[in-house]
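Q: 3D, please:
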Amino acid sequence: MRLLGLSLLLACALSAATPQELEFFEKRIRPVLAEKCYACHSAETMALGELRVDAREAIRRGGTRGPAVAPGDPENSVLLKAISYGDLDLKMPPTGKLPEEEIAAFRQWIEIGAPDPRAEAVAKAPAAPAGIDWEAAREFWSFQPVRRPAEPSAGRYAEQVATPVDAFLLARLEREGLEPAPLADKRTLIRRVSYDLTGLPPTPEELESFLADPAPDAYEKLVERLLASPHYGERWARHWLDLMRFAETNGHEFDNTKLDAWRYRDYVVHAFNEDLPYDRFVKEHIAGDLLPDPRLRPDGKAYDTPVAAGFYWLWEVLNSPTDSEKARADQVDNQIDVFGKAFFGLTVACARCHDHKFDPIPTADYYALAGVMHSTHISEKWIDSPERRAAIQAVRDRLVALDREARTAPRPEALPPAPARDNETVFEDFSQGYGRWDIAGAAFGAEPSQGSPALAPLAGDLGGPLAHSAPAGAAELTGILTTEKFQIPSTFVHIRMAGTKGDKRRKESEPIRVTLWADDHPSQNMAAPGEEGFEWVTVRLVKEKGRVGYFQIVDRSREGWIAVDRIVFSEHAEPPADPPAPAAGAPPAPELLARRDAVARTLPPSEYAMSSRDHHPHDVRIHQRGNHKNLGEEVPRRFLQIVAGPDQPPVADGSGRLELAAWAASPQNPLTARVLVNRVWQHHFGEGLVRSPDNFGQTGDRPTHPELLDWLAADFMEHGWSVKHLHRRILLSSAYRRQSAASDRAREVDPANKLLSHMPVRRLEAEAIRDAVLAVAGTLRLELGGPSVPPHISAYQDGRGKPESGPLDGDGRRSIYIQPRRNFLTPLFLAFDYPQPFTTIGRRGVSAVPSQALMLLNNELIQDQAGKWAQRELEVVSDPDRRIADMYLRALGRPPSARELRQIRAFLAQQADRHGAATASDQRPWADLAHVLFNTTEFIFVP
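A: Have a look, this model is predicted:
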């Protein structure tokens, strides 16, 4: 009996593994085991040391040294000791230690109980499965077509139906014998809907206006006003950024900055504010750089559409990966993971090593999508509007004409370069123009310059063609040159260049540089040597030789320039020799320089954005067991068969992203609308109709109200995929306007409130808490968009890549504009469950831990804002009781009760005595009161 009980206990433990834990195993553990361990420790081999790691029971049973994995006990797990190289006699794999991040993943896996879905493996591989029964697979609820069901009768609750949403919810409540809660009062409603739509508390003026409006449609007018607020876009963009693992740095070792990542954030804010149809929003994400009808930004100065396609590159970037092919495969896996979860609620990345264990996603479908991702590359797009481009080009033409005027002597004949040595290739001398280069921006012109400008001559100028970003020496122009892809042929590259000196650390965020990309990684960043004249810059290509790469010549600064004369690949460490350059002529006349500077000052600014481009489109082969060195059959690029069917036309041209976008945003796609509707519902009610928002597959939750979900999805599509229309459907319902107090029967029958007999109480997210603190204190600046503010770095935050600290209050900006740095996330945010930006997070955790109370009590920002709020109140409100009432109104949306007023008076007197306050206008007791209000449960929770 004891053995039976133990077996049952183990079975229960296995079945208790969550979908997220099993996904962690499939993505982080199984691929490493398959690549590094199965060759010697599986049923298909002799199982050295009698150890097999290809099945759950086998790895727990272990071999001659005991259990390889002890669930929940990493210190007694032989496998972890072996891969950590902690035992001199046991180092696995013997070919070399695993990367630290993989070892950490194994430790984490064991700590959470080593969830493992693998049944006992057999000695020989089984015969190939007959394949997926697609007809049967489409019977699953989320793969069935979206149909608009008839609205049910709400029975005795019919009079409470305000929108069709209520009909579905009330009909279910009647069947279950539950009473709906009464409607909430107006104070509760305005606070609830203000936070939901803008992430900000209502001001006293907004409260007064709403409370004084007796019109039957007062609430509807409130909803419309908030939907029209520019701060609506900020609030809902922040929800979306969680899905895109948005951060503005690369993470890993140095946490380098991603150029222009903030423009993607602004794009999302614009899209929500404009109510961009969601199907178009999806298309712009997948193929925004390819769409034939790009949209301009609201201010008309630049294109918005290409910016969306930058989401692919918001990933973490490894510095100098030892296996670049594996690093690229891991990056593609992250792209597929985000793509599948964010838009379709599917864990597609679980099919990387094998057919998905639960959902109808064969591994061939994974590699069909991988082909699309491998055919897509990062690109810094010039996004200026046509009008602005024309204005910039006109200024450039004037500068070129001025430089021509300044050239009093005939240009000397170009000197021939030294002949190439053995094992040396001249990659570029610009004698054929920009034939192999893609041009962005106006700095470099449509053709190379013939020598350096007359108004800014360079020492060592040989007089031949070169790429120069400063016509007439005007540094204000910007631009980027990018080559086609090629195979890197040699051990060294020599680049003859001049220009404004950059950061000696040579980061890819440096605005003036030459970058050699290898396998889509910015492998070598070369700063210009100086503005005096041309010099050779040499870089050794130890890891890059033989890999596929491309060059970029970048000038993103209005205060500097770069010029490149030649690029030479060589097996010689010494750069090529140069013939003597002609002596420099007379310096240019000051009058001409003054005219040049005056013309340059009229130059409009140029804008660039991280985006995508198609390059070298190709299909990829299946990586057997996820191992990029063990290749199987080639798979044509296509969409998921469960959605688009098995007989999709081949991708005729390009990466396939245009075709992917069409399928993703099609009304026939059963997932796209359902997933988005569920996400919006979740942010209004705390939980979605499907409580696993990123997993609509077999291991996810089933919808609590499937007919309501389908009705909303159908209605959403029929109304032009309008997210604001969807908000109205939900917010105007009686369900959303109910009180949050649950009846005794509701607590008994439906403790999780899945039936929504009452409104759930929700805690504000980290950013909304900070924004509310600044808003209430009167220090919040409400302008939209622009470059992010560096985060404040506390004395306790340290590590490689530590940036300079930003202002404590974030310059008064909303939290969405505080730069998220992967290695230096804001401690206040982390305390309140801010997600680590590595993959899609559709539902944040809502923990209740002591560190949150400690953070609100001791955080420097909270204390600082309490003092500023107190000072503001002292300056604006003279009467102490009115001051208390005003503070309550701003923080909690209501006046204090008589009992609270007495308590606050006593508290202020006590604190005045404690501080030794000499006058009633002493700020310190009032700062203590402000601090107390920030620490109330009522301040950070919305009923």
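Q: name the residues of stretch 224-244 that are buried.
A: Across stretch 224-244, burial judged by 16 or more other CB atoms under 10 Å covers 225-227, 229-244. All C-beta spots, glycine's among them, are computed from the backbone N, C-alpha and C.
Q: now residue 739: phi and psi?
A: phi -70, psi 160 (degrees, to the nearest 10).
Q: burial measure for residue 277, as a count.
A: Per other CB atoms under 10 Å, the neighbour tally for residue 277 reads 17.
Q: quick one, phi/psi of the closest residue to residue 377 other than its chain neighbours?
A: Once flanking residues are discounted, residue 377 sits nearest to residue 615: 4.8 Å by CB to CB, 6 or more residues apart in numbering. When quoted as degrees, to the nearest 10, the phi and psi of residue 615 stand at phi -160, psi 130.
Q: wait, isn't residue 615 in contact with residue 374?
A: No: in this structure, residue 615 is not within contact of residue 374 by CB atoms under 8 Å, at 10.0 Å.
Q: okay, those two: which has more neighbours?
A: residue 374 (22 against 19).
Q: next up, the contacts around the nearest residue to the more buried one once chain neighbours are set aside.
A: What sits nearest to residue 374 in space, not counting adjacent residues and going by CB to CB, 6+ apart, is residue 620, at 5.4 Å. Neighbour list for residue 620: 367, 370, 371, 374, 634, 635 [criterion: CB atoms under 8 Å, 6 or more residues apart in numbering].
Q: please convert those to a markdown table, extending it with secondary structure, distance to residue 931 and pLDDT.
A: What follows is the contacts of residue 620, written out as a markdown table (DSSP: H, G, I helix; E, B strand; the rest coil; distance: CB to CB, whole Å; pLDDT from 0 to 100):
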| residue | secondary structure | distance to residue 931 | pLDDT |
| --- | --- | --- | --- |
| 367 | helix | 56 | 98 |
| 370 | helix | 53 | 98 |
| 371 | helix | 57 | 98 |
| 374 | helix | 54 | 95 |
| 634 | strand | 64 | 96 |
| 635 | strand | 60 | 96 |
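Q: okay, stretch 808-818 in CSV with CA atoms only?
A: Extracted C-alpha coordinates of stretch 808-818, given in CSV (Å, rounded to 0.1, in the frame of the first residue of the first chain):
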residue,chain,number,x,y,z
LEU,A,808,15.4,59.9,-10.2
ASP,A,809,12.0,60.9,-11.4
GLY,A,810,12.6,59.9,-15.0
ASP,A,811,12.4,63.6,-16.0
GLY,A,812,8.8,63.4,-15.0
ARG,A,813,7.9,61.2,-18.0
ARG,A,814,5.4,58.4,-17.9
SER,A,815,6.9,54.9,-17.2
ILE,A,816,6.5,53.8,-20.8
TYR,A,817,9.2,56.4,-21.7
ILE,A,818,11.7,55.1,-19.2
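Q: before we move on, the earlier item: on the pLDDT front, check the residue nearest to residue 374 for me.
A: Residue 620 carries a pLDDT score of 97 in this model.
Q: now the one 4 residues further on
A: At residue 624, the model reports a pLDDT of 92.
Q: neighbours of it, how many?
A: Residue 624: 17 neighbours (other CB under 10 Å).
Q: residue contacts, the residue nearest to residue 471 when sequence neighbours are not counted?
A: Leaving out its chain neighbours, the residue that sits closest to residue 471 by CB to CB, 6+ apart is residue 399, at 4.6 Å. Residues near residue 399 by CB under 8 Å, 6+ apart: 471, 472, 474, 477, 596, 599, 600.
Q: repeat that for 10 Å
A: Contact partners of residue 399, counting by CB atoms under 10 Å, 6 or more residues apart in numbering, are 453, 455, 470-474, 476-477, 595-596, 599-600, 603.
Q: one more: residue 810?
A: Contacts for residue 810 (CB under 10 Å, 6+ apart) come out as 770-771, 774, 779-781, 788-792, 817-819, 826, 861.
Q: give me the buried subset of the residues you listed.
A: Of the contacts of residue 810, these count as buried by 16+ other CB under 10 Å: 770-771, 774, 779-780, 788-792, 817-819, 826, 861.
Q: and which of these is nearest to residue 104?
A: residue 826 (23.0 Å; CB to CB).
Q: measure the spatially closest residue to residue 804 that is not a sequence neighbour to residue 502 for me?
A: Spatially, and ignoring its direct neighbours in sequence, residue 804 is nearest to residue 790 (6.6 Å; CB to CB, 6+ apart). According to CB to CB, to the nearest Å, residue 790 and residue 502 sit 20 Å apart.
Q: just residue 553 next, same as before
A: Taking CB to CB, one finds residue 553 at 13 Å from residue 502.
Q: who has more neighbours, the two?
A: residue 553 (28 against 21).
Q: tell me the strands beside the helix or strand containing that one, with direction?
A: Element membership of residue 553 [criterion: DSSP states H and E] is strand 548-555. Its sheet considered, strand 548-555 pairs with strand 479-483 (antiparallel), strand 486-487 (antiparallel), strand 512-518 (antiparallel) by DSSP bridges.
Q: any idea which helix or strand comes after the longest one?
A: Note on strand 512-518: by DSSP H and E, the next helix or strand toward the C-terminus is strand 521-526.
Q: please apply the same query to the shortest one.
A: Heading C-terminal from strand 486-487, the first helix or strand you meet, by DSSP H and E, is strand 492-499.
Q: output the contacting helices and strands for that following strand.
A: Here strand 492-499 touches strand 424-428, strand 465-468, strand 512-518, strand 521-526, strand 530-540, strand 548-555, strand 562-570, going by 3 or more CB pairs under 10 Å, 6 or more residues apart in numbering; DSSP states H and E.
Q: dump the ones you listed to TSV, plus mean pLDDT and distance to residue 198.
A: Shown next, in TSV, are these (pLDDT from 0 to 100; distance: least, CB to CB, whole Å):
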stretch	mean pLDDT	distance to residue 198
strand 424-428	95	52
strand 465-468	97	48
strand 512-518	94	40
strand 521-526	88	38
strand 530-540	94	49
strand 548-555	95	38
strand 562-570	97	44
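Q: sorry, back to before: how about the residue nearest to residue 471, secondary structure?
A: When classified by DSSP: H, G, I helix; E, B strand; the rest coil, residue 399 comes out as helix.
Q: circling back: and the contacts of residue 810, which is closest to residue 298?
A: Taking CB to CB as the measure, residue 298 sits nearest to residue 817 out of these, at 17.2 Å.
Q: contacting residues for that closest one?
A: Residue 817 touches 234, 262, 265-266, 269, 781, 783-789, 810-811, counting by CB under 10 Å, 6+ apart.
Q: do I have it right that residue 468 meets residue 447?
A: No: using CB atoms under 10 Å, residue 468 is not in contact with residue 447, being 11.0 Å away.
Q: where's residue 311 relative to residue 243, distance?
A: Relative to residue 243, and taking CB to CB, residue 311 is found at 9 Å.
Q: now do the shared contacts for these two.
A: 338, 342.
Q: point out where this protein drops to low pLDDT.
A: 1-16, 19, 45-49, 88, 120-130, 409, 411-412, 503-508, 584-585 (pLDDT under 70).
Q: good, we can wrap up now.
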